[in-house]
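J.: kindly generate the corresponding structure for this input.
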Amino acid sequence: MQQYRASYFDTNEGRGENGLGVLEEVKHGLIVSCQALEDEPLHGPLLMAGMAYAATQGGAQAIRANGGPDISLIKRITNLAVFGIKKVDAEEGICITPDFAAAAEVALAGADAIAVDGRQQVRRRLVALEELIPQIQTELGRIVMVDIKTVEDAVQAARAGADAIATTWAFRMTSLGAAPDFRLLKDVIDAVDIPVIAEGGYWTPAAACHALDLGAWAVVVGTAITRPQDITKRFVQALQRRSSS
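T.: Numbers count the residues shown, from 1 in each chain. Got it, this is the predicted structure:
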């Protein structure tokens, strides 16, 4: 059993009224990622809030959402904890909550926790995690989850004071798309002494359960629940392969 650092959940200091309680709320549970970019058919606060409400009815413990308008409406209609992010364009593509201004926007919208990009190749051109994480924790009173791609990213994030790690970018690519990298997940869990949340390519309940068996704190599922176009594509691809075989 992984041992988390002393006094991890027994202080409210620097995290608002609930301290780190939002992590306790989601322990061994499901966080549903409700996001749609501008070029996707379900883009917009009303549609994403409806998706989040459906996830609530299904028993989700929390929601991961992108941008102030989506977060604000989702908080109002679900009353669930929200892991907030703001996706912006960077040189390397999409970057998650790259600076304090983005984090402040997410917090103002009502996010209970804020996720930031922890990929080292991205952070070199943006605000250092060692500066951003404590600023969010102390000035905004929010816990910080760092989205990583490698074990090295996770170690650096933990050293910088992250409250949790998410394996958001640490997935494998298959013929059907993204799939969990369970070996990397286990390596990250073994490398840090803070909660590790499994994310990236989770399509089945069995995969989510396996992540928990490996020691993940909770599991984030997005596309498999909230992107109908990608779900449809998987069925179509499977039927096409069957017809051609």
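J.: on the pLDDT front, check the closest residue to residue 186 other than its chain neighbours for me.
T.: Sequence neighbours aside, residue 214 is the residue nearest to residue 186 in space, at 4.9 Å (criterion: CB to CB, 6 or more residues apart in numbering). Placement of C-beta: from N, CA and C, glycine included. You'll see residue 214 listed with a pLDDT of 98.
J.: now the strands for the protein?
T.: For the chain, strands defined by DSSP state E occupy the ranges 30-34, 62-66, 81-85, 87-90, 93-96, 113-117, 143-147, 164-166, 171-174, 177-180, 196-199, 218-221.
J.: for the longest helix along the chain, packing partners?
T.: In terms of residue count, the longest helix belonging to the chain (DSSP state H) is helix 228-244. Under the contact criterion of 3 or more CB pairs under 8 Å, 6 or more residues apart in numbering; DSSP states H and E, helix 228-244 touches helix 223-226.
J.: which strands and helices sit next to the helix it packs on?
T.: In terms of contacts (3+ CB pairs under 8 Å, 6+ apart), helix 223-226 is packed against strand 30-34, helix 45-58, helix 228-244.
J.: ok so, going back, next up, the contacts around the residue nearest to residue 186.
T.: Residues in contact with residue 214 (CB atoms under 8 Å, 6 or more residues apart in numbering) are 182, 185, 186, 189, 198.
J.: just to check, the last one is in contact with residue 215?
T.: No. With contact taken as CB atoms under 8 Å, residue 198 and residue 215 are classed as non-touching, separated by 9.4 Å.
J.: who has more neighbours out of the two?
T.: Set side by side, residue 198 and residue 215 show unequal neighbour counts under other CB atoms under 10 Å, the larger going to residue 198 at 31 against 16.
J.: partner residues bridging that one?
T.: Assessed by DSSP bridges, residue 198 has beta-bridge partners residue 219.
J.: next, the contact list for it, please.
T.: Listed by CB under 8 Å, 6+ apart, the contact set of residue 198 reads 166, 167, 180, 185, 208, 211, 212, 214, 216, 218, 219, 220.
J.: what bits of the protein have low per-residue confidence?
T.: Within the chain, the stretches with pLDDT under 70 are 1-19, 91-92, 124.
J.: quick check: the residue lying closest to residue 220 once chain neighbours are set aside vs residue 161, distance?
T.: Among residues not flanking residue 220 along the chain, residue 199 sits closest, at 3.7 Å (CB to CB, 6+ apart). Distance of residue 199 to residue 161, given as CB to CB, to the nearest Å: 20 Å.
J.: more neighbours, the two?
T.: Neighbour count, other CB under 10 Å: between residue 199 and residue 161, residue 199 has more, with 30 against 17.
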